[in-house]
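Q: Model the following, please.
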Amino acid sequence: MKYLKVLVVASVFSFLFTSYTFAQEDTTVQQLVGTTETTTSTPVTPTKENPLGLDIPDQTDNPSTIITFTNPSQSGAIVQLEIDSKGFVDITSPYSFAALSIGKHTLEFKYQDANAATQIYSTSIVIIPRPPILSTPTITADTVTISGTGLANSEIIMLLSSGTEVSSQTGLVDGDGKWSMNYSRADLPNDIYSITGYIRRYGYASNFSEVTKFTLDVNSNTNNKGEYLLDLSQLSLTVVKDWIVNNQTYILIAFCAFVLGIVVGIFSKTQRAKEVTQRAEEKIAKQFQKHTEKKQEVTLREKLMAEGKKEEKVEAVEQKEEKAVINKIDFLKDYKKFDPDESDGKESKPSVDVTLTSKK
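A: All right, here's what the predicted structure looks like:
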């Protein structure tokens, strides 16, 4: 289990390095020739230049695009629209165009301002073709066929790229909206290709289609010196040697990733051991602190109890001493018979009774 983590990390780094290498080799067509896409604005506040607050794109591939505007009339007058000088019609916001044709269209808006004066606001919109749809390329031993659908009876331009090399080919979309192009395998020496395209009609070009990537079967070309897969069914020392020679770059990347994975795994394991040790030390410290606090608490309690007992003893002694102190009067009460003095301090003499008797 301790080596599993290292192997997983090495595999991840190997995948990342390999992916980064392919990304550097492939250059998208959009980066080379740009794009004709134009973004639309968010809801617009009426201004002097745009009194209706009209939200409309400069160009779009949606012939039934939706526009919004604000009617400035205070009396409730209806806004009217004229397209390509074909007459005004009443419209309300939001408004959807009725399938405009490809090309530039002039728009005239008639409305009443806040002062009930009739005004005209002019603008335009360009409708471009929609981009073509590409199907998965069909690859045979001699040709690569790329097909798809697009605007009927229009022109399609395909761009094929591999690394920094880009080639273009022009074709026609038939009346059913289908098209197809063939490339010779002899003209495609590389392994990985990206392909995209756009439609052109009446001089207006569409946006680019989504990019489609495909890989050629390099094993079918015995003269190709590029990297190839290792066939386990024909495994031999010569095959392994050739495979290593033809895939040195990937082997080096994999080895570096493996070493890096081991380093990361060892570092991670060391950090984890430190964390475990630190947690154990903290636990022991907390237990020791808790034991010390408990001992201090017991000692304080015993001290208070000892002081309490000491105070009780002192009070008992004081009470005993107070009981032992008596005055003279109290003393004489108990020892009157031994004191010859009177109560007023005079000395008393015992009385003697004398009786005279006659002797016969």
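
Q: what about I67, how many neighbours?
A: Other residues near I67 number 20, with proximity taken as other Cβ atoms under 10 Å. Glycine gets a C-beta too; all of them are placed from N, C-alpha and C.

Q: residue contacts, the spatially closest residue to it that is not a sequence neighbour?
A: Spatial nearest neighbour of I67, chain neighbours left out: I56 (4.5 Å); criterion: Cβ to Cβ, 6 or more residues apart in numbering. Contacts for I56 were tallied using Cβ atoms under 8 Å, 6 or more residues apart in numbering; they are T40, T65, I67, L107, T123, I125.

Q: Distance check, I56 against Y111.
A: Going from I56 to Y111 by Cβ to Cβ, to the nearest Å gives 15 Å.

Q: any idea whether the nearest residue to S85 once chain neighbours are set aside is helix, strand or coil?
A: Of all residues beyond its chain neighbours, the one nearest S85 is T106 (7.1 Å), with distances taken as Cβ to Cβ, 6+ apart. When states are read from DSSP: H, G, I helix; E, B strand; the rest coil, the local structure at T106 comes out as strand.

Q: Kindly report the same for N62.
A: Recorded secondary structure, N62: coil (three-state DSSP).

Q: I'd like to know how many residues surround it.
A: N62 has 14 neighbouring residues, counting by other Cβ under 10 Å.

Q: Over to the one 4 residues further on?
A: In terms of burial, I66 registers 12 neighbours under the definition other Cβ under 10 Å.

Q: so what's it up against?
A: By Cβ under 8 Å, 6+ apart, the contact list for I66 reads P94, Y95, S96, F97.

Q: pLDDT at L260, what is it?
A: L260 is assigned a predicted lDDT (pLDDT) of 90.

Q: ok, now V240?
A: 72.

Q: burial count for it?
A: Around V240 there are 11 other residues, counting by other Cβ under 10 Å.

Q: quick one on the thing from earlier: now the contacts of I56 as a markdown table including pLDDT?
A: Below are the contacts of I56 laid out as a markdown table (pLDDT from 0 to 100):
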| residue | pLDDT |
| --- | --- |
| T40 | 46 |
| T65 | 92 |
| I67 | 92 |
| L107 | 94 |
| T123 | 93 |
| I125 | 94 |
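
Q: Of the residues you listed, which pair is most distant in space?
A: Of all pairs drawn from these, the one with the largest separation by Cβ to Cβ is T40 and L107; the distance is 15.0 Å.

Q: Show me which of these two is the more surrounded one.
A: Ranked by neighbour count (other Cβ under 10 Å), T40 and L107 place L107 first, with 17 against 12.

Q: what's near enough to touch the closest residue to the more buried one other than its chain neighbours?
A: Nearest residue to L107 in three dimensions, chain neighbours excluded: T123, at 5.2 Å (Cβ to Cβ, 6+ apart). T123 makes contacts with L54, I56, L107, F109, as judged by Cβ under 8 Å, 6+ apart.

Q: Is it correct that the third one is in contact with S122?
A: Yes - taking Cβ atoms under 8 Å as the definition, L107 is a contact partner of S122 at 7.0 Å.

Q: pLDDT below threshold where in the chain?
A: Counting by pLDDT under 70, the low-confidence segments of the chain come to 1-43, 217-236, 238-239, 241-243, 245-246, 291-304, 308-360.

Q: all helices for it, in order.
A: Secondary structure of the chain by DSSP state H: the helices cover 4-25, 29-33, 237-246, 248-324, 328-334.

Q: In stretch 114-124, which residues are buried?
A: Y121 (16 or more other Cβ atoms under 10 Å).

Q: And stretch 47-65, by the same measure?
A: N50, P51, L52, G53, L54, D55, I56, Q59, T60, D61, P63, T65.

Q: ok, of those residues, which one's closest to T196?
A: T196 has its nearest neighbour among those in D61, at 15.6 Å by Cβ to Cβ.

Q: distance of the closest one from V44?
A: Separation of D61 from V44 (Cβ to Cβ): 22 Å.

Q: One more: L172?
A: Computed with Cβ to Cβ, the distance linking L172 and V44 is 40 Å.

Q: Neighbour count: the two, which is higher?
A: The residue with the greater number of neighbours, taking L172 and V44 and applying other Cβ under 10 Å, is V44; the counts read 15 against 10.

Q: was I right about that one contacting D55?
A: Yes - taking Cβ under 8 Å as the definition, V44 is a contact partner of D55 at 5.0 Å.

Q: coming back round to it: in strands only, show me the contacts of T123.
A: L107, F109 (DSSP state E).

Q: I'd like the contacts of T123 written out as TSV, with distance to A273 added.
A: Below are the contacts of T123 laid out as TSV (distance: Cβ to Cβ, whole Å):
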residue	distance to A273
L54	68
I56	66
L107	74
F109	76
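
Q: Can you name the residues that contact the residue lying closest to T212 once chain neighbours are set aside?
A: The spatial neighbour of T212 that comes closest, neighbours along the chain excluded (Cβ to Cβ, 6+ apart), is L134 at 4.8 Å. Contact analysis of L134 by Cβ under 8 Å, 6+ apart lists I146, S147, G148, I195, T196, G197, S209, E210, T212.

Q: How about the contacts made by the fifth one?
A: When the contact criterion is Cβ under 8 Å, 6+ apart, the partners of T196 are V29, Q30, L134, M158, L159, F208, S209, E210, V211, T212.
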